[in-house]
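Visitor: no sequence on this one, just coordinates:
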């Protein structure tokens, strides 16, 4: 009885692993536009993450492609949200502000701002705290990149 149960569990496990087909939303879609150029200003880490997100956009339809230039101006701010009785920080808030412009042939199509924030606990280990902040920064920046891509798609739908 035990062998049959273990073989059945192994079989379900194998089917579960092979049938999962996760694909990122914006990665394998064919778009009718192309991002010709990204002009970043501000925080280099935020800009690098957003640019890498935007570089996934490709189009196979060369004739009908709209070519966009995107200007990005990013900034981040870390604030103390709460302190303990000694005055040491307990919680921080990381704010990211990105202003972006979408242009086609030097015509301004969209001018928008995105602000994302995250509150997180302080850590006595400074290295772990910096690692946590980097992860939060990366996640917020990727989310902003997805929002920019969505706004370009909405421009094309109109």
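Guide: Looks like it arrived, so ask away. Being a predicted model, the structure only gives us computed values, none of them experimental.
Visitor: what about residue 139, distance to residue 87?
Guide: Noted for residue 139: a distance of 30 Å to residue 87, by Cβ to Cβ, to the nearest Å. All C-beta atoms are positioned from the backbone trio N, CA, C, and that covers glycine.
Visitor: For those two, indicate the residue with more neighbours.
Guide: residue 139 (13 against 7; other Cβ atoms under 10 Å).
Visitor: mind checking which helix or strand of this protein has the lowest mean pLDDT?
Guide: Ranked by mean pLDDT, DSSP states H and E, the weakest helix or strand in the chain is helix 2-19, scoring a mean of 70.
Visitor: ok, then the element right after that one?
Guide: strand 33-42 (DSSP states H and E).
Visitor: Near residue 99, how many other residues are there?
Guide: Other residues close to residue 99 by other Cβ under 10 Å number 16.
Visitor: How about the secondary structure of it?
Guide: Under DSSP: H, G, I helix; E, B strand; the rest coil, the three-state class of residue 99 is strand.
Visitor: Verify the contact between it and residue 115 for me.
Guide: No. Counting by Cβ atoms under 8 Å, residue 99 stays clear of residue 115, with 9.6 Å between them.
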